[in-house]
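>>> got a predicted model here, sequence first, then my questions.
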Amino acid sequence: MTRLRRTVRAWGTALGRVRLLVRAKLPPVAVDAALTAALLLATAGLSHRDLARSPSLMVFQWLLLLPLVWRRRAPLAVFGVLAAVAFLQWLAGAPLPADVALLIALYTVAAHSTRRRTLLAFAVLELGTLLAALTWATHGRTTQSFIALSAMVIAAAVIGVNMRTRRAYLAALEDRAGRLERERDQRAQLAVAGERARIAREMHDIVTHNLSVMVALADGAVFAQERHPEKAAAAMRQVSGTGRQAITDMRRFLGVLRADEPDALRHPMPGIAQLEPLAEQVRAAGLPTRLSVAGDPAVANAAAQLTVYRLVQEALTNTLKHAPAGTRADVRVRCSPVSVRVDVTDDGPATTTPTPPSGHGIAGMRERAAAYGGQLDAGPRPEGGWRVSAVLTLIPDQDEDAPQDGDAPHHADAQRAGGGAL
């Protein structure tokens with residue numbers, strides 16, 4: 001029994017593969033035409049004696065089988081034609097093996113049409129089955145013949161309905177797979193867009209700050225080259241040092257993006273500890289800066305420290321680019337186990353005519369602060385100057401170190417807010 005099951009299963013698998021191969025190579029009409037030709041040959045061999053006695057039966061045989069070529073294009077119409085031909089055949093009193101075409105037509109209706117049409121075709125064929133059993137069954141076997149014929153009709157309808165259900169299920173699976181693939185592509189595109197935005201922010205901070213410092217130093221060297229050549233030389237040395245620092249920062253950032261970049265291990269990403277060299281660089285460019293760090297910076301991870309560094313760098317760059325000579329900057333960083341607060345202020349002149357910002361520096365700082373559940377306030381101070389204040393939350397749902405209302409003004413100045421744009 002086990003060997004028989006294996007043999008049947010193997011034959012079923014082989015036939016399924018052949019069917020898939022035939023469907024892939026031939027159009028449906030060609031497959032149906034081949035099926036019709038095979039049925040014509042088979043039924044002609046089974047009924048050759050009847051056809052020899054009455055050649056007119058050949059007309060019914062052809063009329064019952066030829067419409068099967070178009071059975072998948074118009075299932076219900078083909079079934080209606082076959083039912084009409086079968087009724088004429090019943091009136092003529094000539095049963096034929098070609099009547100099997102009615103079962104194939106019913107199967108096609110059940111597999112390719114709606115349930116209502118399937119029930120209609122099933123009822124019509126059941127009526128024909130009853131007429132055939134009453135007319136052609138042998139004496140005393142009418143009931144048995146009707147039951148046997150009805151069983152074949154029910155089997156054809158059930159197989160067709162199952163095929164339609166399976167086809168709908170496979171179509172739903174394909175649609176779901178397509179939607180999942182599109183969603184995956186969309187997520188990948190969003191991830192790429194987010195990564196591009198992150199890279200743009202990093203490149204903006206690196207390039208803008210270092211170029212601003214180099215421009216300020218170069219201007220100072222031009223003014224000092226006649227009266228104080230030694231100061232001009234020192235400024236140019238600072239320019240070269242700033243340029244080398246920019247190259248180092250670029251390589252460090254590329255080292256994060258590329259695993260094969262060796263500078264990634266030699267130059268870690270900047271953090272709170274690198275704020276003092278940053279302040280020294282800004283002082284050399286002509287902006288007196290005071291730095292104050294309270295608390296233990298180690299409570300913040302490397303990503304949070306990088307965010308603090310970039311916030312301070314962007315704020316000082318804006319002040320360096322747009323504040324007049326004589327302006328002083330004050331940087332205060334407070335670290336606690338649950339948050340890190342950053343305040344960067346300067347004592348430049350008060351701004352009275354705020355206009356919409358044109359750059360992306362403030363927007364980039366807000367995105368960085370939002371990544372840690374914080375909020376950034378940037379705007380002019382009532383007593384004069386500019387203030388940037390942000391709080392980074394290190395532990396979710398803890399807001400004990402959040403800024404109080406009124407700590408930072410809510411108006412924006414176009415020149416200063418757009419200071420981060422290249």
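All right, it came through fine. Residues are numbered from 1 along each chain as shown.
>>> let me see the mean pLDDT of the host helix or strand of residue 246.
Assigning secondary structure by DSSP states H and E places residue 246 in helix 229-257. In this model, helix 229-257 carries a mean pLDDT of 70.
>>> tell me the secondary structure at residue 169.
With DSSP: H, G, I helix; E, B strand; the rest coil as the basis, residue 169 sits in helix.
>>> swap that for residue 341, please
Under the three-state scheme (three-state DSSP), residue 341 adopts strand.
>>> my guess is it contacts residue 393. True?
No - applying CB atoms under 8 Å, one finds residue 341 not in contact with residue 393, separated by 10.3 Å. Any C-beta I mention is one placed from the backbone N, CA and C, and that applies to glycine too.
>>> what separation do you get for the closest residue to residue 133 other than its chain neighbours and residue 135?
With CB to CB, 6 or more residues apart in numbering as the criterion, residue 133 has its nearest non-adjacent residue at 3.8 Å, and that residue is residue 146. Computed with CB to CB, to the nearest Å, the distance linking residue 146 and residue 135 is 11 Å.
>>> ok, now residue 363?
Going from residue 363 to residue 135 by CB to CB gives 87 Å.
>>> which one of the two has more residues nearby?
residue 363 (16 against 12; other CB atoms under 10 Å).
>>> now that one. Its backbone dihedrals?
phi -60, psi -40 (degrees, to the nearest 10).
>>> again, but for residue 187
Given degrees, to the nearest 10, the pair of backbone angles that residue 187 has is phi -60, psi -40.
>>> per-residue confidence at it?
Looking at residue 187, its pLDDT stands at 81.
>>> next up, the contacts around it.
Under the criterion of CB atoms under 8 Å, 6 or more residues apart in numbering, residue 187 has no neighbours.
>>> distance of it from residue 177?
Relative to residue 177, and taking CB to CB, residue 187 is found at 15 Å.
>>> stretch 277-296 spans what distance, first to last residue?
Stretch 277-296 has an end-to-end distance of 18 Å (criterion: CA to CA, to the nearest Å).
>>> show me what counts as buried in that stretch.
For stretch 277-296, burial by neighbour count (16 or more other CB atoms under 10 Å) applies to 278, 279, 281, 282, 284, 285, 286, 287, 289, 291, 293, 295.
>>> what mean pLDDT does it have?
Taken as a whole, stretch 277-296 has an average pLDDT of 87.
>>> residue 289 touches residue 331, doesn't it?
Yes - if you go by CB under 8 Å, residue 289 and residue 331 touch, sitting 6.4 Å apart.
>>> so the residue nearest to residue 133 makes contact with residue 131?
No - when contacts are counted by CB under 8 Å, residue 146 is not listed as touching residue 131 (9.9 Å).
>>> those two: who's more crowded?
residue 146 (18 against 15).
>>> list the contacts of that one.
With contacts taken as CB under 8 Å, 6+ apart, residue 146 has the following neighbours: 129, 130, 133, 134, 137.
>>> residues in contact with the last one?
Counting by CB under 8 Å, 6+ apart, residue 137 makes contact with 144, 145, 146.
>>> go with 7 Å
Contact criterion CB atoms under 7 Å, 6 or more residues apart in numbering gives residue 145 as the residues in contact with residue 137.
>>> residue 91: how many residues sit nearby?
Other residues within reach of residue 91 by the criterion other CB under 10 Å amount to 10.
>>> can you check residue 88 too?
Around residue 88 there are 13 residues (other CB under 10 Å).
>>> for it, give its distance to residue 43.
If you measure residue 88 against residue 43 using CB to CB, the figure is 17 Å.
>>> pretty sure residue 225 is touching residue 232, no?
Yes - Residue 225 sits in contact with residue 232 when judged by CB atoms under 7 Å, with a separation of 4.0 Å.
>>> re earlier: SS state for the residue nearest to residue 133?
Applying three-state DSSP to residue 146 yields a three-state assignment of helix.
>>> list the contacts of stretch 323-334.
Applying CB under 7 Å, 6+ apart, the contact partners of stretch 323-334 are 272, 275, 279, 287-295, 308, 312, 316, 319, 340-349.
>>> rerun at 8 Å
Outside stretch 323-334, the residues touching it (CB under 8 Å, 6+ apart) are 272, 275, 279, 282, 286-295, 297, 308, 312, 315-316, 319, 340-349, 385-386, 401.
>>> buried residues, that stretch. List them.
Buried residues in stretch 323-334, counted by 16+ other CB under 10 Å: 323, 327, 329, 330, 331, 332, 333.
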